[in-house]
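S.K.: fold the following, please.
(4 chains)
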Protein chains: 2
Amino acid sequence: MPQLLGEYDCKIDAKGRLRLPAALLKQLHAFGSPDYVINRGMTPYLTLFPKSVWEHESAKVKALNGYIERNQAFKRYFYRGATPLEPDSADRILLPKSLIEYAGIKKTVIIQGMDDRVEIWDKEAYLNDINQEPADFRKLAEDTWTSVSTPPPAPPNPYNPPPGHVLP
Amino acid sequence: MPQLLGEYDCKIDAKGRLRLPAALLKQLHAFGSPDYVINRGMTPYLTLFPKSVWEHESAKVKALNGYIERNQAFKRYFYRGATPLEPDSADRILLPKSLIEYAGIKKTVIIQGMDDRVEIWDKEAYLNDINQEPADFRKLAEDTWTSVSTPPPAPPNPYNPPPGHVLP
DNA sequence: GAAAAAGTGGGAAAATGTGTCATTTTATGT
DNA sequence: ACATAAAATGACACATTTTCCCACTTTTTC
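M.R.: Take a look at the predicted model:
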């Protein structure tokens, strides 16, 4: 399974169109069809999924029992804003106005590959977000790995890191 | 298992390209493919991973449930700036502008082998960083080894003194 | 139905990335 | 110390990508 990586700086044109960077496009093509689904993120940013990834993701949500009110509320949230997109002949996607507004996108966005999806942030918001983290990162890392049943990253076999090794 | 070692002094050209030192290249080749992933370090420096090492690191992160916001924050922090790179025909890698800026790289960088990855520092920042250390180093070493369950490295075999033996 | 707004397509200019090579510097062996 | 080879650096030309702009079509609104 291919992996989407990279941090890209792009500008939105006056009509709200975003030209996908060539380097990212190559990676996206590895996921098959040139169709995407974009959606609101948990906080003010957007997530762009290759269609195949979205289908996989939404299949899980579809399976939730809608007669349970909390599930139904989650479903509603999950689908709120989800929009299918396909790039035009110049590899541009038109971002829905409501999502541009939600993410506070002005002119420049940062696109960050996140494995099987990409996040699209207003540049300023993105920089604020990652500049806040470092102080918290150690605690965040500990919490993250202890909340998962598996112990902290098992040292990968061939590349067993030395004792005292810390991510990343 | 190969190990990346050495401290190298290199210059970045006007386009932000870094020629990997020949001695380091040989070591990197031992990791397989000539593809890398570069990322922000915890403080203003960059980390360059052989692709295979990166894949091991990210495999653990991939498994986290992104609907838990703290997990997602961790993922984002982990991926922030991660960019795939492959050297050109002259064994140069093009450092992304955003990362050059992040690490405060001007003209000269220090590349430091760190077992399964290398750190890339702006030379000046690097010298400042290690010039701060020496006073702290003994304490740092103690803290490090007492916080780990394993004892400090056993003296290498040939010189392991027999019980009761006293060194000259 | 007319005017305005929004969406689409194309393309030129600027910016950026890439390949190649010549020159300088460093390392190595005699 | 010198000659030779290897590596590092700098410079340039070329290719690609990005951005910005304009004109046209479709949809919405009054």
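S.K.: where along chain A do the helices fall?
M.R.: A:22-29, A:51-62, A:69-79, A:97-102, A:123-132, A:134-147 (DSSP state H).
S.K.: which stretch in these has the least confidence?
M.R.: When the helices of chain A are ranked by mean pLDDT, helix A:134-147 comes last with a mean of 70.
S.K.: related to what we said a few turns ago, and the helices of chain A: which comes nearest DNA strand C?
M.R.: Judged by CB to the nearest atom of the strand, the one of the helices of chain A that comes nearest to DNA strand C is helix A:97-102, at 6.3 Å. Glycine gets a C-beta too; all of them are placed from N, C-alpha and C.
S.K.: which residues touch the closest one?
M.R.: The contact list for helix A:97-102 (CB atoms under 8 Å, 6 or more residues apart in numbering or on different chains) reads A:12, A:16, A:38-40, A:44, A:46, A:81, A:83.
S.K.: then stretch A:44-60?
M.R.: Here stretch A:44-60 has contacts from A:28, A:31-33, A:35-41, A:78, A:82, A:84-85, A:93, A:95, A:99, A:102-105, A:111, A:116-122, A:125-126, using CB under 8 Å, 6+ apart.
S.K.: pull out the buried residues from stretch A:98-107.
M.R.: Of the residues in stretch A:98-107, A:99-100, A:102-103, A:105 count as buried by neighbour count, 16 or more other CB atoms under 10 Å in any protein chain shown.
S.K.: oh, that last question was meant for stretch A:58-73, not what I typed.
M.R.: Going by 16+ other CB under 10 Å, stretch A:58-73 has these buried residues: residue A:58.
S.K.: and what of stretch A:118-130?
M.R.: For stretch A:118-130, by 16+ other CB under 10 Å, it's A:118-123, A:125-126, A:129-130.
S.K.: what of stretch A:3-18?
M.R.: Within stretch A:3-18, the residues that qualify as buried are A:3-8, A:10, A:12, A:18, counting by 16+ other CB under 10 Å.
S.K.: do the same with stretch A:22-33
M.R.: A:24, A:27-28, A:31.
S.K.: returning to what we had before: any chance of JSON lines for the helices of chain A, columns distance to residue B:74?
M.R.: What follows is the helices of chain A, written out as JSON lines (distance: least, CB to CB, whole Å):
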{"stretch": "helix A:22-29", "distance to residue B:74": "22"}
{"stretch": "helix A:51-62", "distance to residue B:74": "19"}
{"stretch": "helix A:69-79", "distance to residue B:74": "21"}
{"stretch": "helix A:97-102", "distance to residue B:74": "23"}
{"stretch": "helix A:123-132", "distance to residue B:74": "12"}
{"stretch": "helix A:134-147", "distance to residue B:74": "4"}
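S.K.: tell me which of these lies nearest to residue B:145.
M.R.: helix A:134-147 (18.6 Å; CB to CB).
S.K.: for residue A:24, give me its contacts.
M.R.: So residue A:24 contacts A:4, A:6, A:8, A:111, A:113, A:118 (CB under 8 Å, 6+ apart).
S.K.: of these, which ones also sit close to chain B?
M.R.: A:6, A:113 (CB under 8 Å from any CB of the partner chain).
S.K.: is DNA strand C within reach of stretch A:114-124?
M.R.: No - using CB under 7 Å from any atom of the strand, stretch A:114-124 never reaches DNA strand C; the gap is at least 14.1 Å.
S.K.: swap in stretch A:36-45?
M.R.: No - using CB under 7 Å from any atom of the strand, stretch A:36-45 never reaches DNA strand C; the gap is at least 13.2 Å.
S.K.: and that stretch, end to end?
M.R.: For stretch A:36-45, the first-to-last residue distance is 16 Å (CA to CA, to the nearest Å).
S.K.: distance from the chain centre to that stretch, please.
M.R.: Here stretch A:36-45 is found 7 Å from its chain centre; the criterion is CA atoms, centre = their mean, to the nearest Å.
S.K.: mind listing what's buried along it?
M.R.: So, applying 16+ other CB under 10 Å, buried residues of stretch A:36-45: A:36-41, A:45.
S.K.: same check, this time on stretch A:48-56
M.R.: Buried-residue list, stretch A:48-56, by 16+ other CB under 10 Å: A:48-51, A:53-54.
S.K.: coming back round to it: out of the contacts of helix A:97-102, list just those in strands.
M.R.: A:38-40, A:46, A:83 (DSSP state E).
S.K.: among those residues, which one lies nearest to DNA strand C?
M.R.: For the ones in strands among the contacts of helix A:97-102, the nearest to DNA strand C is residue A:83 (10.5 Å; CB to the nearest atom of the strand).
S.K.: state the distance from the closest one to residue B:102.
M.R.: Distance, residue A:83 to residue B:102, using CB to CB, to the nearest Å: 32 Å.
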